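[1] Compute the structure for the input listed below.
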Amino acid sequence: MSSTPEEKKDIRVDLDATLRPDNWKEYVGQEHAKENLKISIEAAKNRGELPEHLLFYGPPGVGKTTLAHVIAHELQAPVRVTSGVAVERAADLAAILTNLEPGDVLFIDEIHQLSKKVEELLYPALEAGRLDIILGKGPSARTVQLDLPPFALVGATTRIAQVSSPLRSRFGGGVHQLDLYTDEEIQTIISRSAKLLKFDVPEDVLKLIAHRSRSTPRTANFLLKRFRDYVSVQDKKPDPKLFADACTLFGIDEMGLTKDDRRYLKVLIETFRGGPVGSKTLATALGEEVTTLEDLYEPYLIRLGFVERTTRGRTATKKAYEHLDL
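    Numbering: from 1, shown residues only. Next up, the predicted model:
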């Protein structure tokens, strides 16, 4: 009997939740942030209090959401999840805050997308644990203060520069940067994931997956799950050659570049002679937004040393030419 759409959705959610660690022992990497957080949370627990509000920033897929769940687990508290783009109006934030229970952890992903009005409503909630609501308009308008239950806010952003200074200053528990992972850390993570998926993968294949994961656990787990599907359909034992065949099908090369990454480099090299070329011109040639180039393509290409950002624009390096055999 086939599964209903609701059942399929539950299976996917449960799978993602299964792979996500929920305690410090299973959370790999980010040692500096992790050690500081463990001290802050343990000290707060000893005092019978909640930890101060926290803000995490870093590239997509490096564990910001996972850290929020680990913190909630350590506090033995539920985590309420929302995002900056979902909280469009002050009324949306008011509804979320007034429905919190004492001790809850509120996680706001991409917190830099909160509007100014929503931010201003959040300030007294973070500082004094109250919500200031204005009733009515004009001369008859009055402010009503609602006391909120104690809660811990965990914010996450991929664009720390777009988080306003007043909002950043409200995170007394600290602003923590999360870095990209080493191949060894990624291999440890996907080794655990493979066991949870009941997918028997040789160590040499795990090493290859880690190398092509763009230094992020999210990409590594995604690649592991796609390879599991490929192995299941091919009905063969996983080995390095089979993984290479799968990556050819997926369009992922030995450095973890996707077909879109390679198209970026080819346009930069073949159309603009390797640069320098302005970001707007390059984005137009690729049919993309400038923010897509800056957030999606360039961080990894720059990290590999394939692209340089200069005052005159983007420039392809010798490594990029060699990688594409140009």
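
[2] So what's the residue count around K45?
    14 (other CB atoms under 10 Å). (Glycine included, C-beta is placed from N, CA and C.)

[3] Surely it and L75 touch.
    Yes - counting by CB atoms under 8 Å, L75 is a contact partner of K45 at 7.2 Å.

[4] tell me the mean pLDDT for the helix or strand hosting E322?
    Using DSSP states H and E, E322 sits in helix 318-323. Here helix 318-323 scores 91 as its mean pLDDT.

[5] now do stretch 30-39
    90.

[6] how about it: buried residues?
    By neighbour count on 16 or more other CB atoms under 10 Å, the buried set for stretch 30-39 is Q30, A33, K34, L37.

[7] tell me which of those residues is nearest to E288?
    Closest approach between the buried residues of stretch 30-39 and E288, by CB to CB: Q30, at 30.3 Å.

[8] Distance-wise, check that closest one relative to A194.
    21 Å (CB to CB, to the nearest Å).

[9] And D235, by the same measure?
    18 Å.

[10] Equivalent analysis for D229, please.
    13 Å.

[11] Y123 too?
    45 Å.

[12] Please identify which of those two sits among more neighbours.
    A194 (22 against 14).

[13] so that one is in which element?
    helix 183-196.

[14] For the stretch 151-300 of the chain, which residues score under the pLDDT cut-off?
    173 (pLDDT under 70).

[15] one more time with 80, if that's ok
    172-173 (pLDDT under 80).

[16] Just the helices from the stretch 151-300 of the chain, written as ranges.
    Along the stretch 151-300 of the chain, counting by DSSP state H, counting those that start in this stretch, helices occupy 165-168, 183-196, 203-211, 217-234, 240-250, 259-266, 279-286, 290-292, 298-304.

[17] Now do the fourth one: everything it contacts.
    Outside helix 217-234, the residues within contact range by CB atoms under 8 Å, 6 or more residues apart in numbering are 19, 28-29, 60-63, 66, 181, 186, 189-190, 193-194, 197, 199, 201, 205, 209-210, 212-213, 237-238, 242-243, 245-246, 249-250, 252, 256.

[18] Following the one helix or strand V70 maps to in sequence, what is the next regular element?
    Taking DSSP H and E as the criterion, V70 maps to helix 64-74. Counting by DSSP H and E, the next helix or strand C-terminal to helix 64-74 is strand 79-83.

[19] the inter-axis angle of the first helix or strand past that next one going along the chain versus strand 79-83?
    Sequence order places helix 90-98 as the next helix or strand after strand 79-83, per DSSP H and E. On the basis of axes from the mean of the first three to the mean of the last three CA atoms, to 10 degrees, helix 90-98 is oriented at 170 degrees to strand 79-83.

[20] So which elements touch the helix holding V70?
    helix 31-47, strand 54-57, strand 79-83, strand 105-109, strand 152-157 (3 or more CB pairs under 8 Å, 6 or more residues apart in numbering; DSSP states H and E).

[21] ok now do the closest residue to L100 other than its chain neighbours, which residues does it touch?
    Leaving aside its chain neighbours, L100 sits nearest to F151 (5.0 Å; criterion: CB to CB, 6 or more residues apart in numbering). Neighbouring residues of F151 by CB under 8 Å, 6+ apart: L50, L97, L100, P102, G103, D104, V105, L106.

[22] Surely I108 and V87 touch.
    Yes - between I108 and V87 there is a contact under CB under 8 Å: 7.3 Å.

[23] neighbour-wise, which of the two wins?
    Legend: neighbour count by other CB under 10 Å for I108 and V87, higher for I108 (26 against 23).

[24] Which strand residues bridge the more buried one?
    For I108, the beta-bridge partners are T82, G155 (DSSP bridges).
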